[in-house]
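# Sharing a model prediction with you, sequence too.
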Amino acid sequence: MGRVLASITTSVDGYVTGPDAGPDRGLGVGGERLHYWVFGGPWTYENEPTGAPDPVDKSYLDDAMADLGAVICGRNTYDSAGAWGGRNPWPDGPLYVVTHRVEDQPDPDSGFVFVDGFDAALARARESAGDRAINVMGGAATIRQALAGGHVDELGISVAPLVLGGGTRLFEGFTGDLDLERIDVRVSPWATHLRYHVVR
Ligand SMILES: Nc1c(N[C@@H]2O[C@H](COP(=O)(O)O)[C@@H](O)[C@H]2O)[nH]c(=O)[nH]c1=O
């Protein structure tokens, strides 16, 4: 059975978006800074990113994407990303979208599969992935659900160097108690990438 990874970027104060996240502004007001590391420097929703990542950030991204067989996200993340223009951007497997509104299922050729409930999405993702890894890419509620259910083998937190002061908190309302063992840490000017094994 493949590993289940959960990976996301937070501010130093634990926000995965700034305030007012939604379609056209998936990372919220000021939240672009969370993903400077993805593009090697500043960008805004008004000036779309064009840059290439720092080699450290690229190596983290490449390793996180290696050997993936399926991806899971929540409906809000899917909507906020504008459905990535209508096509699953991950080349190596389906993207399962957790939603109560499965009747909105787009054309299956898009690579998106709408599933009602996290557990059902995980079961489908395991079928697709086989021995390859599954990445739970967010948002916060979906990652909390994966962690609370004891499904996550590896937690990746990329900490961007900023304090947002508002928005969506990764661990909002989370009451679980988890022991983590650090597997890896990589540091660039734009992020500190921490990878933890979740002890079970
Ligand atoms: N379907 C489902 C969840 N759906 C989640 O609820 C949010 C609102 O989207 P929507 O469901 O489409 O109204 C979104 O984050 C989506 O992923 N959540 C859960 O805990 N369990 C479920 O079974």
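Right, received. Where do you want to start?
# all helices for the chain, in order.
For the chain, the helices defined by DSSP state H occupy 36-39, 55-65, 75-80, 118-129, 140-148.
# Include mean pLDDT, distance to residue 28 and mean neighbour count when you put those helices into a markdown table, please.
For the C-beta atoms, the positions are set from N, CA and C on the backbone; glycine is no exception. Shown next, in a markdown table, are these (pLDDT from 0 to 100; distance: least, Cβ to Cβ, whole Å; neighbours: other Cβ atoms under 10 Å):
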| stretch | mean pLDDT | distance to residue 28 | mean neighbour count |
| --- | --- | --- | --- |
| helix 36-39 | 97 | 15 | 22 |
| helix 55-65 | 96 | 21 | 16 |
| helix 75-80 | 95 | 9 | 20 |
| helix 118-129 | 98 | 23 | 18 |
| helix 140-148 | 98 | 12 | 21 |
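# Dump the ones you listed to TSV, plus distance to residue 164.
Formatted as TSV, the helices of the chain follow (distance: least, Cβ to Cβ, whole Å):
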stretch	distance to residue 164
helix 36-39	13
helix 55-65	20
helix 75-80	16
helix 118-129	26
helix 140-148	13
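# closest point of the protein to the ligand, which residue?
Closest contact between the chain and the ligand, by Cβ to the nearest ligand atom, is at residue 74 (3.0 Å).
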